[in-house]
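>>> from the sequence below, what's the structure:
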Amino acid sequence: MQEPWQQIRQRIEAACRRCGRDPQQVRLLAVSKTQPLERMAALWAAGQIHFGENRVQEAREKQSLLAASPHFSLPERAALQWHLIGPLQRNKAKLALELFQMISSVDSLALAETLSALLPVGRTLPILLQVNLGQEAQKHGLAAETLLPALRQIAMLPGLQVQGLMAIPPWTASAEEARPYFRQLAQLARQMAAEKISGVSMAELSMGMSQDYEVAIEEGATWVRVGSALFGPR
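Residues are numbered from 1 along each chain as shown. Okay, the predicted model is just below:
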């Protein structure tokens, strides 16, 4: 596991150099859905802290197993950062708040309202708003044209800290074909930032996966979500 992790880090750094960016601006999110704890532990040993899960139930099971795992000490378990990157049903929002340090897939005002209402007093939750760039019926996310009005309302909800945008573009046959979608998300973020909405930052862009994360970096990604290139086939 350490060798693929190092190779991906090197490719991230190379992509940053190509476009004149500081590699410290780009963070790797290891997509660990369906992966066993042993593989996660190997990545942790290599230096990986941030892990992304698609399902609340799977994350709960993994975190329960961690409590008894010989692979992680208590300080190591506490240092892990869990990100929800898959769709969240509102009836599982309370559990998600217990499990995740960041929710990168807030796809509606209704979900944001639920999360805000359930947040403990004094807690701030970093979130990313998911945008459905391809207007695909099977995918979640706000439409680009509804993003600004939704953002204005979400910004007023207590406890939520909007840090940027996330997108899963339509499938493309090559990484280069995904570039227009990444460019579109970056442009949307700039447009939202220009509105200067109180409490909203557009500093984060979560885009790019195993097959196209280098192109995403060239277009401004600050989080890249990599699964199979790190862990191998599921």
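
>>> please make it C-alpha for all contacts and neighbour counts, starting now.
Will do.

>>> now do the end-to-end distance for stretch 103-111.
Terminal residues of stretch 103-111 are spaced 11 Å apart (C-alpha to C-alpha, to the nearest Å).

>>> for that stretch, which positions count as buried?
Within stretch 103-111, the residues scored as buried using 16 or more other C-alpha atoms under 10 Å are 103, 104, 105, 106, 107, 108, 109, 111.

>>> got the contact list for residue 221?
26, 204, 205, 206, 207, 208 (C-alpha atoms under 8 Å, 6 or more residues apart in numbering).

>>> do you know how far it is from residue 103?
17 Å.

>>> can you pull the buried residues of stretch 141-154?
For stretch 141-154, a neighbour-count test (16+ other C-alpha under 10 Å) marks 141, 142, 143, 144, 147, 148, 150, 151, 152, 154 as buried.

>>> stretch 61-81 now?
Buried, per 16+ other C-alpha under 10 Å, within stretch 61-81: 62, 63, 66, 69, 71, 72, 81.

>>> you'd agree residue 161 is in a strand?
Yes: looking at residue 161 with DSSP: H, G, I helix; E, B strand; the rest coil, it is inside a strand.

>>> chain neighbours aside, what residue packs nearest to it?
Nearest in space to residue 161, with sequence neighbours left out and distances taken as C-alpha to C-alpha, 6 or more residues apart in numbering, is residue 126 at 4.7 Å.

>>> and the strand or helix carrying the one you found, what does it pack against?
Using DSSP states H and E, residue 126 sits within strand 125-131. Applying 3 or more C-alpha pairs under 8 Å, 6 or more residues apart in numbering; DSSP states H and E, we find strand 125-131 packed against strand 102-106, strand 160-167.

>>> which residues touch the first one?
Under the criterion C-alpha under 8 Å, 6+ apart, residues 82-88, 112, 125-130, 141, 165-166, 206 lie in contact with strand 102-106.

>>> do stretch 227-234 as well
So stretch 227-234 is in contact with 1, 4, 5, 8, 30, 31, 32, 34, 35, 39, 209, 210, going by C-alpha under 8 Å, 6+ apart.

>>> and for stretch 36-52?
By C-alpha under 8 Å, 6+ apart, stretch 36-52 touches 1-2, 5, 28-33, 62, 66, 71-72, 79-85, 225, 231.

>>> again, only using 7 Å
Identification of contacts with stretch 36-52 by C-alpha atoms under 7 Å, 6 or more residues apart in numbering yields 1-2, 29-32, 71, 80-85.

>>> of those, closest to residue 58?
Relative to residue 58, the closest of these is residue 32; by C-alpha to C-alpha it sits at 10.0 Å.

>>> isn't that closest one right next to residue 53, touching?
Yes: under the criterion of C-alpha atoms under 7 Å, residue 32 makes contact with residue 53 at 5.9 Å.

>>> break down this protein into its strands, ranges please.
27-31, 50-53, 81-84, 102-106, 125-131, 160-167, 204-206, 223-226 (DSSP state E).

>>> picking that back up, hmm, which of the contacts of stretch 36-52 are the buried ones?
1, 2, 29, 30, 31, 32, 71, 81, 82, 83, 84, 85.

>>> ok, back up a step: output the contacts of stretch 36-52 in JSON lines; the columns should cover distance to residue 177.
Formatted as JSON lines, the contacts of stretch 36-52 follow (distance: C-alpha to C-alpha, whole Å):
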{"residue": "1", "distance to residue 177": "29"}
{"residue": "2", "distance to residue 177": "30"}
{"residue": "29", "distance to residue 177": "22"}
{"residue": "30", "distance to residue 177": "23"}
{"residue": "31", "distance to residue 177": "22"}
{"residue": "32", "distance to residue 177": "26"}
{"residue": "71", "distance to residue 177": "40"}
{"residue": "80", "distance to residue 177": "34"}
{"residue": "81", "distance to residue 177": "31"}
{"residue": "82", "distance to residue 177": "30"}
{"residue": "83", "distance to residue 177": "27"}
{"residue": "84", "distance to residue 177": "26"}
{"residue": "85", "distance to residue 177": "23"}
